[in-house]
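A.B. asks: curious how this folds, go ahead:
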Amino acid sequence: MNVIPCDLEGLLLIEPRVFGDARGFFMETWNERRYRDAGIPGPFVQDNLSFSRRGAVRGLHFQNPAAQGKLVYVLQGEVFDVAVDLRRSSPTFGRWYGVRLSAENKRQLYIPPGFAHGFAVVSETALFAYKCTEFYAPEHETTLLWNDPDLGIPWPVEEPVLSEKDRQGIRLRELPPEKLFP
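C.D. replies: Presented below is the predicted three-dimensional model:
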């Protein structure tokens, strides 16, 4: 597999090795030894699957405490995936990284703890999968405002479909200090 470091320290874009023939293709979506050697620590304790329609924006979510590292990828369709650095001591604090992940390109993104995460569906539908390094803890979850003008994320959707939770997110500048990461 090809592992590409991103502009924000700790984020890794993964291009798995794909074996294709007349029947279709085969690829490993997770191999503890191979991914650990590539800098993706794990262990992963929970797998999630999300199905969404065009225009859905989910996020930007994070947990603190019980911060989650995530390995994300798309099984069907295409999304614009975003990670926002919330580590106060990071030189890239408050910056975001976005990439298109799709069933066609088969790319994965590893997002370490200390980032908010979200995505927008740009195909008719998308089946989005992710592995988490910590269990979901709703009592520790915070939603960063998906369209925070200070972040300036150019979401590729004209009329986003949002949950009430995502609509009520908090701007980065309004996050209480205890919600940010060291």
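A.B. asks: C-alpha only now, for contacts and for neighbours.
C.D. replies: Fine.
A.B. asks: now do the contacts for the closest residue to residue 87 other than its chain neighbours.
C.D. replies: Ranked by Cα to Cα, 6 or more residues apart in numbering and with sequence neighbours excluded, the top spatial neighbour of residue 87 is residue 181, at 4.6 Å. Under the criterion of Cα atoms under 8 Å, 6 or more residues apart in numbering, the neighbours of residue 181 are 64, 86, 87, 88, 114.
A.B. asks: ok so residue 36 is a helix residue?
C.D. replies: Yes - looking at residue 36 with DSSP: H, G, I helix; E, B strand; the rest coil, it is inside a helix.
A.B. asks: check the gap between it and residue 69 for me.
C.D. replies: Counting by Cα to Cα, to the nearest Å, the separation of residue 36 from residue 69 is 13 Å.
A.B. asks: mind checking the SS state of the most centrally placed residue in the chain?
C.D. replies: For the chain, residue 117 is the residue whose C-alpha lies nearest the centre (Cα atoms, centre = their mean; 4.4 Å). Remark: residue 117 carries the secondary structure label strand [criterion: three-state DSSP].
A.B. asks: wait, it touches residue 67, no?
C.D. replies: No - in terms of Cα atoms under 8 Å, residue 117 does not count as a neighbour of residue 67; the distance is 11.5 Å.
A.B. asks: what residue ranges in this protein score low on pLDDT?
C.D. replies: When the per-residue scores of the chain are filtered using pLDDT under 70, no range remains.
A.B. asks: how about a cut-off of 90?
C.D. replies: Scanning the chain with the threshold set as pLDDT under 90 gives 41-42.
A.B. asks: where along it do the helices fall?
C.D. replies: Secondary structure of the chain by DSSP state H: the helices cover 32-37, 164-167.
A.B. asks: looking at those helices, which is buried most?
C.D. replies: When you average the neighbours per residue for each of the helices of the chain (mean count of other Cα atoms under 10 Å), helix 164-167 leads with a mean of 15.
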